[in-house]
Every structure is written in C-alpha cells, then in structure tokens.
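S.K.: Predicted model, plus sequence, below.
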Amino acid sequence: MKKIMISFIIVGLLSFYLLYIYGCYDFKSYKETPKEYLSNTFINKKKYSLDSANITLQIRGFINGHQDSFYSKEYDESTQIIVDTILYSHDYKKIATFIITKNPTAKQLSPDKNYQWYYDATCYLGMRQDDSFLLSWIGPNYTNFYDMESISKKIRNYYFKQRYSSTNNTDDKYNIDDIRYWNDNKDWEKIEYNRKMQKSFEEEKKNHPENIYEPNNK
C-alpha cells in the first residue's frame, strides 16, 4: 500500500513539474520583441486586399507547379489558400506573409473521420516588384491541424516569440515583428540573390530564348 502511495506521489510531483514549472520556464524563455522595436507599419484595406490577391495568385502557381513548400501531391487545384497575415517593412518594399492551406481530410494518409478539413501553414518573404512580389519560402511548415485558429496562433507564436529564442539557428537575431529584422537578416540576402537570378533569367530569355529550356513549354 505504501509503495502504491509513493508511486502516486512521484507521478503527481512529476506532472506538476512538467505542467507548471517546466511549462512556465519554457514560456519565459521566449524572447519577445522589445516594445521600442515593435514594427507598427500599417496599410489601407484596399492595398492590403490587392496585395493579398496577388500573393494568393502566386501561391496558386506554386501549388500547380508543386514548388517550394507545396511539393507534395496533396496540394492541387482543390487546395484552398488563406493569406493569414501580411507584414510590411517601413517603406512597403518588403513583406512577410503567413500562408494557410485548407484541404479535405480525405487526402491524408490516416484521415480523422471526425473532421472534414485539415490545415497547413508556412511563411514566405517577398520583395515588391511594381504591383507584384518576388516570393521566397523560409518556413518552417506546420501541418495537419484540424482548426484554422490553432494553426494561425502556432505560426504567429513562432515568428513573434520563439524565432528569436531558438537556439537551432544563430542567424535568427530578431523576431519577424522587429523593425531591425527588415534591414539586418540573412533571409533578405537570400531573397536578393533570388531576385538577381530571376532578373538574369528573364534577360537571357528575352535576348537569347534559344538558350532557355522550360519543360512546361514543349
């Protein structure tokens, strides 16, 4: 009897530690953006809607071509696209956008029959080019959520709190809602490289189309 009681006490203490002490420590370890560095760049609804529509169109292209984060066959013409959030740099030339996709659970390998839909989420960065954006996937990906609000909170929590706290990537010096992030981060170096490569490709395609091979154009 005493052994059983001791076992219950140990289990209880362990549960308390994991739920409250460790949980509180994990929460406090997040490095939220200092108030003086919080980005507060706003844009009017009309421009936001236009940008959202443009992003959706580009993401649809990625899905159709199974590119970037949408390489899996589960993404197809039936996939619904939700632009959850668009963040802007102070000059509106750069954006970060959280993309959520909605698919029927029938596409899952082991579908939960209690739900009709499941949701995935990821993040893209973009540099403005006239009325469009050069988008670049940076991840991470969150998958197989059955509630859109939950996955929205998950990706926001990562980019607004956990990203700066992560020890996995020393390049992540700032959360994405930090004004310093938009000027000093290797993510933007990657996008700038992609922009130059695309410009070079388009020039080569225009001036020397015989040198360009595009498998979709046979």
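M.R.: Received it, and whenever you're ready, just let me know what you need.

S.K.: Can you give the contact residues for the longest helix along the chain?
M.R.: Longest helix in the chain by number of residues (criterion: DSSP state H): helix 186-207. With contact meaning C-beta atoms under 8 Å, 6 or more residues apart in numbering, helix 186-207 is reached by 94, 125-127, 129, 134, 136, 138, 171, 182, 211-212. C-beta coordinates here come from the backbone N, C-alpha and C atoms, glycine included.

S.K.: now do stretch 82-93
M.R.: 39, 41, 43, 48, 51-52, 55-56, 94-102, 121, 127-128, 148, 152, 155-156, 176-177, 179, 182.

S.K.: still on that earlier bit, ok, of the contacts of helix 186-207, which come out buried?
M.R.: 94, 125-127, 134, 136, 138, 182 (16 or more other C-beta atoms under 10 Å).

S.K.: I'd like the list of these that fall within strands, please.
M.R.: Among those, the ones falling in strands (DSSP state E) are 94, 125-127, 134, 136.

S.K.: Output the residues you listed as JSON lines; include the columns pLDDT and distance to residue 79.
M.R.: Formatted as JSON lines, those follow (pLDDT from 0 to 100; distance: C-beta to C-beta, whole Å):
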{"residue": "94", "pLDDT": "93", "distance to residue 79": "26"}
{"residue": "125", "pLDDT": "94", "distance to residue 79": "21"}
{"residue": "126", "pLDDT": "93", "distance to residue 79": "20"}
{"residue": "127", "pLDDT": "90", "distance to residue 79": "25"}
{"residue": "134", "pLDDT": "88", "distance to residue 79": "22"}
{"residue": "136", "pLDDT": "91", "distance to residue 79": "20"}
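
S.K.: picking up where we left off before, using JSON lines, lay out the contacts of helix 186-207 together with distance to residue 74.
M.R.: Below are the contacts of helix 186-207 laid out as JSON lines (distance: C-beta to C-beta, whole Å):
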{"residue": "94", "distance to residue 74": "30"}
{"residue": "125", "distance to residue 74": "24"}
{"residue": "126", "distance to residue 74": "24"}
{"residue": "127", "distance to residue 74": "29"}
{"residue": "129", "distance to residue 74": "30"}
{"residue": "134", "distance to residue 74": "26"}
{"residue": "136", "distance to residue 74": "22"}
{"residue": "138", "distance to residue 74": "21"}
{"residue": "171", "distance to residue 74": "30"}
{"residue": "182", "distance to residue 74": "33"}
{"residue": "211", "distance to residue 74": "35"}
{"residue": "212", "distance to residue 74": "31"}
